[in-house]
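Engineer: sequence unavailable; structure follows:
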């Protein structure tokens, strides 16, 4: 609590001008918004929908990418309300803001969610059941609505699997469900059912490795909240072995798929992503992984997807549809 400013003493130099307002306020607000909405997750999910939609159908699913971004924004926003305790321990940005505006965030989040089901169903009715499944999964993941007042996030193994399922729904199934709306009578050249399964194996394993890397960061808060992640149950060393295994096997899925002719080169080049993640997270763990490390790693993934599309636009070899 500040006191009123005192009058200057006789002979004291006059103040030339009042202090300028803190110019960091705007940036701080943006930083809090990016944190409470988990903007990095929204970005990579949206870009994932855009990228795999193009790979599978040969068309750019702009609207589906926007819907994916919206759905992940809502799930992440509502997640922050129920994650306050562990976020405090893990020193996640925006905890004080969420705590102060908890009720408003819940009302806005659920209001946008309900309204979106009406609006999006008018344009993409084929997405309605997929979106219902995705948001039901998100609610069960974040909120204690399961029998016994439990939530998926607190359940060993199912926590990471449920998150991967959310990405599969939005990144893979959204574009495939809306395939006919983009004027395609089938999948893009070089894409078969085998391609979809091999790519899904790579994607799910790679996404699970991301989940465990985030759990390595969140181990103190998860332990305090009783969330049974791999680091909490198996220790940091055990969770790192799981992460390494997921990254290596995800890369092997692409290698085997490419060697057998099931995975085309334009998908095989994604093997760069697990290699980068392996090197980066190992370095981060040696000095102590932080929230900033995980966010940065996710933005690197998003940047790789942007670079991929710039390669396509430039007409460089290896990505012809």
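Structural biologist: Received, thanks. None of these values were measured; they are calculated from a predicted model. Numbers count the residues shown, from 1 in each chain.
Engineer: so, low pLDDT: which residues of the stretch 101-250 of the chain?
Structural biologist: Counting by pLDDT under 70, the stretch 101-250 of the chain contains low-confidence ranges at 180-185.
Engineer: show me where it has helices.
Structural biologist: 102-123, 128-142, 158-167, 174-177, 193-217, 219-225, 230-259 (DSSP state H, counting those that start in this stretch).
Engineer: can you put these in JSON lines and add distance to residue 52 and mean neighbour count?
Structural biologist: To be clear about C-beta, it is placed using only N, CA and C from the backbone, and glycine gets the same treatment. What follows is the helices of the stretch 101-250 of the chain, written out as JSON lines (distance: least, CB to CB, whole Å; neighbours: other CB atoms under 10 Å):
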{"stretch": "helix 102-123", "distance to residue 52": "19", "mean neighbour count": "13"}
{"stretch": "helix 128-142", "distance to residue 52": "14", "mean neighbour count": "17"}
{"stretch": "helix 158-167", "distance to residue 52": "10", "mean neighbour count": "19"}
{"stretch": "helix 174-177", "distance to residue 52": "6", "mean neighbour count": "21"}
{"stretch": "helix 193-217", "distance to residue 52": "7", "mean neighbour count": "20"}
{"stretch": "helix 219-225", "distance to residue 52": "30", "mean neighbour count": "18"}
{"stretch": "helix 230-259", "distance to residue 52": "14", "mean neighbour count": "18"}
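Engineer: residue 129 and residue 207, how far apart?
Structural biologist: 22 Å (CB to CB, to the nearest Å).
Engineer: same question for residue 227.
Structural biologist: Distance of residue 227 to residue 207, computed by CB to CB: 19 Å.
Engineer: equivalent analysis for residue 140, please.
Structural biologist: Going from residue 140 to residue 207 by CB to CB gives 19 Å.
Engineer: dump the helices of the stretch 101-250 of the chain to JSON lines, plus distance to residue 282.
Structural biologist: Shown next, in JSON lines, are those (distance: least, CB to CB, whole Å):
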{"stretch": "helix 102-123", "distance to residue 282": "36"}
{"stretch": "helix 128-142", "distance to residue 282": "28"}
{"stretch": "helix 158-167", "distance to residue 282": "20"}
{"stretch": "helix 174-177", "distance to residue 282": "33"}
{"stretch": "helix 193-217", "distance to residue 282": "10"}
{"stretch": "helix 219-225", "distance to residue 282": "17"}
{"stretch": "helix 230-259", "distance to residue 282": "8"}
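Engineer: who wins for proximity to residue 90 among those?
Structural biologist: With CB to CB as the criterion, residue 90 lies closest to helix 219-225 of these, at 3.9 Å.
Engineer: show me what that closest one is packed against.
Structural biologist: Helix 219-225 is packed against helix 84-89, helix 230-259, with contacts defined by 3 or more CB pairs under 8 Å, 6 or more residues apart in numbering; DSSP states H and E.
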